[in-house]
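Colleague: Could you look at this predicted model? Sequence included:
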Amino acid sequence: MLVAVGKMTPALLSAVSRASRRDLFVEIVRSAEEAAEKIGEEARVLVMADGLVTTDPVMDRMGNEGPEALLVTDDADSPAAIERLDMRDCWAGVARISIGQLKQIAQMPDDYDFQSALLRVAAQSGADHVPLTASWLRSGHAVEHSAEGLAARNTGIMAALTERRTDWADRWVFTRIARMVLPELVSRNVPGWALIGVAGVLALLSFTAIAYDWEGPGLIASLLSAATFATSGAMAALRGEERRARAIEWTLLALFGGVALGCGWMERMRLDTTTPLVLAAVALAMQFLIERAPSRHRRWWASPSAHLLLLTPFALAGLIQFGLGAAALYAFITLAAAVEGTREKA
């Protein structure tokens, strides 16, 4: 991927560095001539307009083998319309050209606008016109001409990335928190390790409070830790760090396990019975199996975040043993549904 820019900024360098972590070679070029030198002779080149926001179906269609092509729209008022090609069509932001055409643009005077020169060369070569479909337009294909529009699009993308877990607790509680704070954290370039560190400290405070027989404050601290972990997972997904995002999801399970077993142990000491500890261990074991279930998770299913929300009111009321029983029962019902779903899929 070659990024053609006139001015380098720290934010752009950071974005290029993040993109390069995803097994993608990204390099910045200053001119069409420099770009042509970095591309092989037999290559096909996809050119995307500045400010373009598009989707996979569009890129799959334009990236197919074939002659030179221009994505076009016949609606001059469309949010995808950039520059008129003829009496009927406007360019919609994506072009498939040959390396020879890129070299033609590189030979033009420096004061030529790269985009206009590209369209002129492609149109004169008889490039195919690929019409922008209504479904592509509805799915979000557009060209944003303002910083405010791009910022709004960016916020929408970040909101979508918070939907990694679909259970009710994450969707209605922790995801909403991540949506509120993630844009601010990204704009301030807060590193992912900082969020993980804060979440880890909150988790330790939770375990410490439970060890001192303060289950209520301990559960509240665990909710704050889970919210911070959820936000860091969304940030990792945004930056293409899929391995870290998956590791954070398993960390949430470990957080629930530590809280449940800690509460179970304290109840064992207080009530002189192993039942609360056994309930905690059973809930943790079944939740581990749920996380590994191949069937698609449903909204009402148990999750580490849901268990923490379920345990909190019981802990605040001093009835944590009943909360552990409810968590074990919730996990058992969910696991039964997961097993049934796996059988139906098979």
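Modeller: That came in fine, so what should we check first? As the structure is a prediction and not an experimental result, all values here were calculated from the model. Numbering: from 1, shown residues only.
Colleague: pull the helix or strand with minimum mean pLDDT from the protein.
Modeller: With mean pLDDT, DSSP states H and E as the measure, the helix or strand of the chain carrying the lowest mean pLDDT is helix 147-161 (a mean of 69).
Colleague: Pass me the low-pLDDT residue ranges in the protein, would you?
Modeller: When residues are selected by pLDDT under 70, those of the chain lie in 18, 21-22, 110-111, 154-165, 187, 240, 344-346.
Colleague: ok, longest strand in the protein?
Modeller: Taking DSSP state E as the assignment, the strand of the chain that covers the most residues is strand 90-98.
Colleague: So which residues make contact with the helix or strand following it?
Modeller: The element immediately downstream of strand 90-98 (helix or strand, assigned by DSSP states H and E) is helix 99-106. Applying C-beta atoms under 8 Å, 6 or more residues apart in numbering, the external contacts of helix 99-106 come out as 31-33, 35-36, 39-43, 45, 68, 112, 114, 117-118, 121-122, 125. To be clear about C-beta, it is placed using only N, CA and C from the backbone, and glycine gets the same treatment.
Colleague: What strand or helix carries the closest residue in space to residue 108 that isn't next to it in sequence?
Modeller: Spatial nearest neighbour of residue 108, chain neighbours left out: residue 117 (5.4 Å); criterion: C-beta to C-beta, 6 or more residues apart in numbering. Secondary structure here is read from DSSP H and E; on that basis residue 117 sits in helix 114-124.
Colleague: Give me the buried positions along that helix.
Modeller: Judged by neighbour count (16 or more other C-beta atoms under 10 Å), helix 114-124 contains these buried residues: 114-115, 117-123.
Colleague: Kindly calculate the angle that that helix makes with strand 90-98.
Modeller: Interaxial angle of helix 114-124 relative to strand 90-98 (axes from the mean of the first three to the mean of the last three C-alpha atoms, to 10 degrees): 80 degrees.
Colleague: what's the following helix or strand after the helix ranked longest in the chain?
Modeller: In the chain, with assignment by DSSP state H, the single longest helix is helix 242-271. With elements assigned by DSSP H and E, the helix or strand that comes after helix 242-271 is helix 275-291.
Colleague: Put the alpha carbons of that next one into PDB.
Modeller: This file holds the C-alpha atoms of helix 275-291, laid out as PDB (Å, rounded to 0.1, in the frame of the first residue of the first chain):
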ATOM      1  CA  THR A 275     -20.400 -25.200  49.100                       C
ATOM      2  CA  PRO A 276     -19.700 -21.600  48.000                       C
ATOM      3  CA  LEU A 277     -16.200 -22.500  46.800                       C
ATOM      4  CA  VAL A 278     -17.600 -25.500  44.900                       C
ATOM      5  CA  LEU A 279     -20.300 -23.300  43.300                       C
ATOM      6  CA  ALA A 280     -17.600 -20.700  42.300                       C
ATOM      7  CA  ALA A 281     -15.400 -23.500  40.800                       C
ATOM      8  CA  VAL A 282     -18.300 -25.000  38.900                       C
ATOM      9  CA  ALA A 283     -19.400 -21.600  37.500                       C
ATOM     10  CA  LEU A 284     -15.900 -20.900  36.300                       C
ATOM     11  CA  ALA A 285     -15.400 -24.300  34.700                       C
ATOM     12  CA  MET A 286     -18.700 -24.100  32.900                       C
ATOM     13  CA  GLN A 287     -18.000 -20.600  31.700                       C
ATOM     14  CA  PHE A 288     -14.600 -21.800  30.300                       C
ATOM     15  CA  LEU A 289     -16.500 -24.400  28.300                       C
ATOM     16  CA  ILE A 290     -19.000 -21.800  27.100                       C
ATOM     17  CA  GLU A 291     -16.200 -19.500  25.800                       C
END
